[in-house]
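Chemist: below are the sequence and a predicted model; questions follow.
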Amino acid sequence: MRLKLLAAASLVTLAAAPLFAQAKPLTVCTESSPDGFDVVQFNSLVTTNASADVIFNTLVSYDKAQKKVVPALAEKWGVSSDGLTYTFHLRPNVQFQTTDYFKPTRSLDADDVVFTFSRMLDDSNPWHKVAGASGFPHAQSMGLVKLIKAVTNGDDHTVKFELNEPNATFVPILTMGFASIYSAEYADKLLKANQQVDLNAKPVGTGPFQLKSYTKDAVIRYDVNPTYWGPKPKIDRLIYAITPDATVRAQKIKAGECQIALSPKPQDVNDAKKDKSLKVSENPAFMTAFVALNTQKKPLDNPKVRQALDMAFDRTTYMKTVFDNTATQAVNPYPPNTWSYDKSIAAYKYSPDDAKKLLASAGIPNGFDTTIWVRPNGSVLNPNPKAGAELLQADLAKIGVKAHVKVIEWGELIKEAKQGQHDMLFMGWAGDNGDPDNYLSPLFSCNAVKSGINFARFCDQTLDKLIADGKTTADVASRTKSYDDAQKIIHDQALWIPLVYPTASAITRTNVSGYNVSPFGRVNFGATSVQ
């Protein structure tokens, strides 16, 4: 089959660093502990930022400035004329990290890529069972099990992906953290020693930093990877000071205990703008905050009930209280700066009276009891979780719904929510690229119910087909038509109480340069330096 060249890497010449320049450590105040370091098993942004974006690399990455997919471990790639075969040519002489627990005997090759995807897609692979009964969340929710027919190595530095059908989102999907490339050699060593759990605790990647030590709920320490194939980081060590309380993060950066504070509260951002020792980096976020309504729980299985809850919540007060009016009200699943965003859809109007009428027409005029699940600590998508949950609780009480707020530690909340144990769940989603499917497949497909990321747990064949149809062509107009119809179903069914599209922000010390907050919430410290 004829291959069309899509991208190629360019040679980069690095100037020698001045002799007087001495790299310094960078301490980042982060918001919570990761689930682990085997990023493919998990779906939280915190885990991606602690593992995929510092320890690992993907075949391709998404360049925010150029707004396109660019080479990473694959220096070029091509697609057949029928859109069914993608061939990736790997960058030569890429070394896996040498650590106290593993010393590689070879550089990255095609076997590593084949292993990485085989463990996610092939249930006979001995590594497949580590993800549990629901499978690997992103691979499952993005439909890769059905999409990818085979992954094979043409030679040491050539990998072919054969698809069962054309898919316009396939290459952008490979920029996501779960597509990080693992060492097959290291995995074989762990398997033979019956130490599979070490893949999550003792990671080995090809990225700019390698794990030195981790103390849960306290600190993660990374060393610079001396064999990194890309530009050498401008810092000599990376430290994550795990600081769940946003107020404490703000105090620490003011005191100089960290040089970057992630996920600050809006008020802390405003205060930092007045502090000459601090800087603020901001970006419109490719994120949506929402309350997921579990459609498999009664009476939330009734769309009238879900619509009533949507109408009962005063989001104007919510935005002012929780976001200090730094965010915009959400309507659709993804932000309005995304192509295919349907501007014709209007938010449910705040009206407790209409909400009561809907409940009465649903046969429950006196309301019902339910629970609201929320995390204890703030993030970009929810700066003040408890305050937001209590506002929703108070508004629901006005229409006779007695909601009990359950504050649950983040790791446990994600675990239980993926199993569908919640009623109402404060949640948020950060996309990895600018494609609408980065929201629709993982959050609303039937596959995503199985993987647990579809927190509304709504499997509808019409909606599922629209999402699938939107991936079969690269034609934006055709995809937009499918996604317009999908957004209407999501809105009419009231699967969420959409909350806000937030602003991504971070606070840095003025002696930090080269760091810009990502609209996707992901971190990159490769160009960051401390003076």
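Modeler: Looks like it arrived, so ask away.

Chemist: what comes into contact with the longest helix seen in the chain?
Modeler: Determined from DSSP state H, the single longest helix within the chain is helix 476-492. Residues outside helix 476-492 that contact it (Cβ atoms under 8 Å, 6 or more residues apart in numbering) are 168, 303, 331-333, 339-342, 345, 436, 440, 444, 460, 462-463, 466-467, 469-471, 473, 496. From N, CA and C alone the C-beta is placed, and that goes for glycine too.

Chemist: redo that, cut-off 6 Å
Modeler: With contacts defined as Cβ atoms under 6 Å, 6 or more residues apart in numbering, helix 476-492 is touched by 332, 340, 342, 345, 436, 463, 466-467, 469-470.

Chemist: buried set for it?
Modeler: Residues 479-480, 482-491 are the ones in helix 476-492 that count as buried (16 or more other Cβ atoms under 10 Å).

Chemist: same deal with stretch 228-246?
Modeler: 228-230, 233-235, 237-244, 246.

Chemist: where along the stretch 201-350 of the chain do the helices fall?
Modeler: Listed in chain order, the helices of the stretch 201-350 of the chain (DSSP state H, counting those that start in this stretch) span 246-254, 266-272, 303-312, 315-323.

Chemist: so what sits opposite the closest residue to D63 other than its chain neighbours in the bridge?
Modeler: Leaving aside its chain neighbours, D63 sits nearest to V70 (4.6 Å; criterion: Cβ to Cβ, 6 or more residues apart in numbering). Beta-bridge partners of V70, counted by DSSP bridges, are S61.

Chemist: what's the local residue count around V70?
Modeler: Look at V70: counted by other Cβ atoms under 10 Å, it has 14 neighbours.

Chemist: same check on the one 3 residues further on?
Modeler: Applying other Cβ under 10 Å, we find 23 residues neighbouring L73.

Chemist: right, and it touches S61 too?
Modeler: No: counting by Cβ atoms under 6 Å, L73 does not reach S61; the two are 9.1 Å apart.

Chemist: what does the closest residue in space to F368 that isn't next to it in sequence show for phi and psi?
Modeler: Among residues not flanking F368 along the chain, P299 sits closest, at 5.7 Å (Cβ to Cβ, 6+ apart). In terms of degrees, to the nearest 10, the main-chain angles of P299 are phi -90, psi 20.

Chemist: relative to V405, how far out is P299?
Modeler: 19 Å (Cβ to Cβ, to the nearest Å).

Chemist: could you do K349 as well?
Modeler: Taken as Cβ to Cβ, the span from K349 to V405 is 25 Å.

Chemist: so for these two, which sits in the more crowded spot?
Modeler: Taking neighbours as other Cβ under 10 Å, K349 and V405 compare with V405 leading, 17 against 9.

Chemist: just checking, next helix/strand downstream of the helix or strand where that one lies?
Modeler: V405 belongs to strand 402-407 when assigned by DSSP states H and E. Going down the chain from strand 402-407, the next helix or strand is helix 410-418, by DSSP H and E.

Chemist: what's the next helix or strand after that next one in contact with?
Modeler: Moving toward the C-terminus from helix 410-418, the first helix or strand encountered (DSSP H and E) is strand 424-430. Strand 424-430 has contacts (Cβ under 6 Å, 6+ apart) with 45, 287-289, 291-293, 372-374, 381-382, 417, 455, 520-521.

Chemist: low-scoring stretches of this structure, by residue?
Modeler: Low-confidence segments of the chain, defined by pLDDT under 70: 1-21, 133-134.
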